[in-house]
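>>> next one to model:
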Amino acid sequence: MKALQKSGGSAALLMAVAYLIGMVTFFVVLDYANMTDPALKVAMLVEKQLVFTATNLLMYVFFGVFLVVLSLALYDRLQSGARATMQVATALGIIWAGSLIASGMVANAGIAPTVALYAQDPAQAALTWLGIESVANGLGNANGEILGGVWTLLVSLAALRAGGLPRALNYVGLLVGATGIISLIPGLTDVMIGIFALSQVVWFVWLGIVLLRSNPGKPA
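The predicted structure follows:
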């Protein structure tokens, strides 16, 4: 049990790091989020395909693997006081992990053929990448963080009942989860996803420290 808690704490911290690196890379270094022209997107993809591949692996594939570890650690810690809630939360956490892993793998699988096509027909390559990106974004919850939001909300509710995490952390988790759910509303999606991502980084860091420092079964 103790080893799983430590693994969960490490996973939470690694998830925060993956989130931050991914956001800095896509939104600051590449400024990819502000590109609306598919031709510009695919041109950058061709130029920086290794950066895209590595970032997708970190932000989606590795993040998804860490999420499975964290979900199991939280279930182990909280299930005695809120079994039904944690069963649902853990199932959603694993579904979310699978969705994120699939998103990263789809995006990376599409890079090589898009780059090869670009050398022959840039316009067709742009259309091809637009389709691949749409599928990857759907799997990655770019149209609303429903899976991550509900998972965070349920974990926080379970922790309030079971007493296995600090109450202040649980209240933060409730706000983070609610933000993720609200991001489904058209017109608010982009802003709320940004708030969700940044606030969940804080939650992951705090949660990771708690899991690494405290004893399972005791309120932190």
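
>>> and the helices in this structure?
Here the chain has its helices, by DSSP state H, at 2-23, 38-47, 49-56, 63-78, 83-118, 122-139, 146-162, 167-182, 189-213.

>>> okay if I get those helices as JSON lines plus mean pLDDT and mean neighbour count?
From N, CA and C alone the C-beta is placed, and that goes for glycine too. Written out in JSON lines, the entries for the helices of the chain read as follows (pLDDT from 0 to 100; neighbours: other CB atoms under 10 Å):
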{"stretch": "helix 2-23", "mean pLDDT": "95", "mean neighbour count": "19"}
{"stretch": "helix 38-47", "mean pLDDT": "93", "mean neighbour count": "18"}
{"stretch": "helix 49-56", "mean pLDDT": "95", "mean neighbour count": "17"}
{"stretch": "helix 63-78", "mean pLDDT": "97", "mean neighbour count": "22"}
{"stretch": "helix 83-118", "mean pLDDT": "97", "mean neighbour count": "19"}
{"stretch": "helix 122-139", "mean pLDDT": "95", "mean neighbour count": "17"}
{"stretch": "helix 146-162", "mean pLDDT": "97", "mean neighbour count": "23"}
{"stretch": "helix 167-182", "mean pLDDT": "97", "mean neighbour count": "19"}
{"stretch": "helix 189-213", "mean pLDDT": "95", "mean neighbour count": "19"}
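
>>> those helices: which one's closest to residue 31?
Nearest of the helices of the chain to residue 31, taken as CB to CB: helix 38-47 at 9.1 Å.

>>> unless I'm mixing things up, residue 51 is touching residue 24, no?
No - Residue 51 sits out of contact with residue 24 when judged by CB atoms under 8 Å, with a separation of 11.7 Å.
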